[in-house]
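# got a predicted structure plus its sequence, pasted below:
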Amino acid sequence: MASAIQFFIRLGFTAPTQAQLSEWDQYLCLSHPNGSDIHLRQLGTDEEGWLVPSKNSFGIYVYSEDVEALGVDFADEIIEAGKKPEVKEWGLLEFSVNGPDGCLVRVGWPADEIEKKKAAA
């Protein structure tokens, strides 16, 4: 759980308070300033795991206006060969990393909105 919390804090989610950490046993909800939430749950020692981390078929998409800065922070972990965010054919500037338990995590934002913001600056 601790490594998952740290991973999502790096993506801009708000760190949980000590009260939140104390209140919940094996479950936690983290919020992002853009209104997104992610729910984390740790299996108890008495639970059978249904997930094989190296074969995790789940994915998460994190929309963030900070995709370029995050791309720098995650450069060594980016899956794509270019090791930086790329504009995809569907119009999003994005990159992908392996998240907690091998979950695919894509981070992106509409490329045209990024360009408009740069032009206005």
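Structure received.

# all helices of this structure, in order?
Taking DSSP state H to define them, one finds helices in the chain at 2-10, 18-23, 67-73, 111-120.

# out of those, nearest to Asp101?
Minimum separation from Asp101 across the helices of the chain (CB to CB) falls at helix 2-10, 7.7 Å. Where you see a C-beta, it was placed from the backbone N, CA and C, and this is true even at glycine.

# packing partners for the closest one?
strand 27-31, strand 37-41 (3 or more CB pairs under 8 Å, 6 or more residues apart in numbering; DSSP states H and E).

# from the chain's centroid, how far away is that helix?
Centroid displacement of helix 2-10 relative to its chain, using CA atoms, centre = their mean, to the nearest Å, is 9 Å.

# kindly export the helix or strand bottoming out on mean pLDDT in the chain (C-alpha atoms) in CSV.
Taking mean pLDDT, DSSP states H and E as the measure, the chain has helix 18-23 as its least confident helix or strand, at a mean of 85. This file holds the C-alpha atoms of helix 18-23, laid out as CSV (Å, rounded to 0.1, in the frame of the first residue of the first chain):
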residue,chain,number,x,y,z
GLN,A,18,-2.2,10.6,9.2
ALA,A,19,-5.9,10.5,10.3
GLN,A,20,-6.9,8.9,7.0
LEU,A,21,-4.1,6.4,7.2
SER,A,22,-5.1,5.5,10.8
GLU,A,23,-8.9,5.3,10.0
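
# hmm, back to that, can I get the helices of the chain in a markdown table with distance to Val87?
Below are the helices of the chain laid out as a markdown table (distance: least, CB to CB, whole Å):
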| stretch | distance to Val87 |
| --- | --- |
| helix 2-10 | 23 |
| helix 18-23 | 37 |
| helix 67-73 | 10 |
| helix 111-120 | 5 |
